[in-house]
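> the amino acid sequence is not available; the structure is as follows:
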């Protein structure tokens, strides 16, 4: 969904606000509006899932979050919320992805440390594979609560690597 399409959705909802008191009693209008909102929310959450599937595109979630904030405000003027707002559901998905990436990154950081602790017998290929995995997850784990701990792991590993020179 392009930014212009997202803008049209919010603009359309805002256009309905002054008309809504006159038509909200018509069940078919309310039903159709609810169906449209459900479809929009479903599609936005699909886009969030797609963005989070690749840590390098995870930053797209920020734009979807900004849309959701505006959308939730506009929708709230028309329909009483019956559950979590769209932005809340996006935040939950974001938090889950950050936690998962942080866990995976921690495993990789420990694997690097363990391999480097073998000194001259360490497998540098395994170290480089773990570093690549860690770096691919960076856009997400950098947002998490374990960020400082992971940085410490990496600084320690970097010192060991530099000592091999």
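That came through, no problem. The structure displayed is predicted, hence computed values, not measured ones.
> packing partners for the helix or strand where residue 4 lies?
Here residue 4 is covered by helix 3-16, with elements defined by DSSP states H and E. Applying 3 or more Cβ pairs under 8 Å, 6 or more residues apart in numbering; DSSP states H and E, we find helix 3-16 packed against helix 60-76. From N, CA and C alone the C-beta is placed, and that goes for glycine too.
> now the helix it packs on and helix 3-16, what's the angle there?
10 degrees (axes from the mean of the first three to the mean of the last three Cα atoms, to 10 degrees).
> other SSEs contacting whichever helix or strand comes after helix 60-76?
Per DSSP H and E, the first helix or strand lying C-terminal to helix 60-76 is helix 86-116. Contact analysis of helix 86-116 by 3+ Cβ pairs under 8 Å, 6+ apart lists helix 27-53, helix 60-76, helix 124-141, helix 147-163 as its packing neighbours.
> now do the contacts for the nearest residue to residue 140 once chain neighbours are set aside.
Take residue 140 and drop its neighbours on the chain: the residue closest to it by Cβ to Cβ, 6 or more residues apart in numbering is residue 101, 3.5 Å away. The contact partners of residue 101, by Cβ atoms under 8 Å, 6 or more residues apart in numbering, come to 55, 137, 140-141, 144.
> tell me which residue is most central in this protein.
residue 94 (3.5 Å; Cα atoms, centre = their mean).
> number of nearby residues for the closest residue to that residue other than its chain neighbours?
Nearest non-adjacent residue to residue 94, counting by Cβ to Cβ, 6+ apart: residue 61, 5.7 Å away. A count of nearby residues for residue 61, using other Cβ atoms under 10 Å, gives 22.
> ok, of the contacts of residue 101, which one's closest to residue 25?
Of all these, residue 25 sits closest to residue 140, with 46.4 Å by Cβ to Cβ.
> so what's the closest one up against?
Residue 140 sits next to 52, 55, 58, 97-98, 100-102 when contact means Cβ under 8 Å, 6+ apart.
> rewinding a little: what pLDDT does the residue nearest to residue 140 get?
In this prediction, residue 101 carries a pLDDT score of 86.
> out of the helices and strands packed on helix 86-116, which gets the lowest mean score?
Of all the helices and strands packed on helix 86-116, the minimum mean pLDDT falls on helix 147-163 (a mean of 77).
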